[in-house]
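J.: how would this look folded up:
(one chain, ligands or ions: 1)
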Amino acid sequence: MADQDTRAQLAEHLRLLRDFGVEGVSRDAAWRVRVAPVQARPAIETLTVIRDDLGECTRCKLHTLGRQQIVFGVGNPSAALMFIGEAPGHDEDLQGIPFVGRAGQLLTKIIEAIDLTRDEVYIANIIKCRPPENRNPEPDEVAACEPFVFRQVQSIQPTVIVALGTFAAQTLLRTKDPISRLRGNVFQYGNARLMPTFHPAYLLRSPERKRDVWEDMKKVRALLRQDGPETA
Ligand code: SF4
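T.: A predicted model of the protein is given here:
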């Protein structure tokens, strides 16, 4: 009876192997060493781990140029939609939260226009410390800081990323094309779709471009509903 049970288990095991595509087995030891070990999937880092790794960062000179605090990012750590801007400004540097000044208030309206709230999305910048006088980040600063936003994207695994402004779009897409040419197009970015659009600070100076951003955000909303346009 015990032998019958063992044979039945063996038959079941072989059927399972056949279903996985295994065409034969051997008792030869040399055959066994050719079997590749099962690769463990790399664990996804949490945002807390990434923030802890950033620490009181001194990886680039911006830590010596008057920053009040690091502005890491806020929002839903499992957000389907992630916004990535350039760098903190004055208000963000004081509060430690991205997009809280006038441009941030406009971003909040943009988010609400597609029926979401700030709590439902994730918001971060390429650069985590305020550049003095809001100057453009320099290449060495970008090189030091960008790995952290890439890790944030990997952790959150958004469906759609909106790159806000020239700097974010060019950094994420590794291009020198101007935002005026990039915006409105959907790009594949890893497993996510990426939509470049104008930065809210630019919209404050050029309100006539709000219409373009609304068109871009309608595409974002469609992508989130998984009936969006093809990538560029
Ligand atoms: Fe570190 Fe980024 Fe701040 Fe530079 S900008 S000090 S790399 S956190």
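
J.: so residue 164 sits right up against residue 195, yeah?
T.: No - Residue 164 lies out of contact with residue 195 (CB atoms under 8 Å); the separation is 10.0 Å. Every residue, glycine included, has its C-beta placed from N, CA and C.

J.: got the contact list for the strand or helix carrying residue 105?
T.: Per DSSP states H and E, residue 105 falls inside helix 102-113. Defining contact as CB atoms under 8 Å, 6 or more residues apart in numbering, one finds that helix 102-113 is touched by 83, 89, 91-92, 98-99, 117-118, 121, 123, 164, 199-201, 203-204, 213-214, 217.

J.: and that helix, what's its mean pLDDT?
T.: Averaged across helix 102-113, pLDDT comes to 96.

J.: how about the residues of this protein near the ligand?
T.: Residues of the chain lying close to the ligand (CB under 6 Å from any ligand atom) are 54, 57-60, 62-63, 70, 127-129, 141, 144-145.

J.: Which single one of the residues you listed is nearest to residue 186?
T.: Distance to residue 186, by CB to CB, is smallest for residue 127 among the residues of the chain next to the ligand, at 24.7 Å.

J.: immediately after the lowest-mean-pLDDT helix or strand in the chain, which helix or strand?
T.: Across the helices and strands of the chain, mean confidence by mean pLDDT, DSSP states H and E is lowest for helix 29-33: a mean of 41. Once the chain leaves helix 29-33, the next helix or strand it forms, by DSSP H and E, is helix 47-54.

J.: list the buried ones in that next one?
T.: 47, 50, 54 (16 or more other CB atoms under 10 Å).

J.: which residues sit against whichever helix or strand comes after that helix?
T.: Next along the chain after helix 47-54, taking DSSP H and E as the criterion, comes strand 74-75. With contacts defined as CB under 8 Å, 6+ apart, strand 74-75 is touched by 82, 97-98, 118-124.

J.: from the contacts of helix 102-113, which would you call buried?
T.: 83, 89, 91-92, 98-99, 118, 121, 123, 164, 199-201, 203, 213, 217.

J.: Widest-spaced pair of the residues you listed?
T.: 91 and 217 (23.1 Å).

J.: The protein: strands as residue ranges?
T.: 74-75, 81-85, 122-125, 160-164, 187-189, 192-197 (DSSP state E).

J.: Let's have these in a markdown table, adding mean pLDDT.
T.: What follows is these, written out as a markdown table (pLDDT from 0 to 100):
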| stretch | mean pLDDT |
| --- | --- |
| strand 74-75 | 98 |
| strand 81-85 | 98 |
| strand 122-125 | 98 |
| strand 160-164 | 98 |
| strand 187-189 | 96 |
| strand 192-197 | 98 |
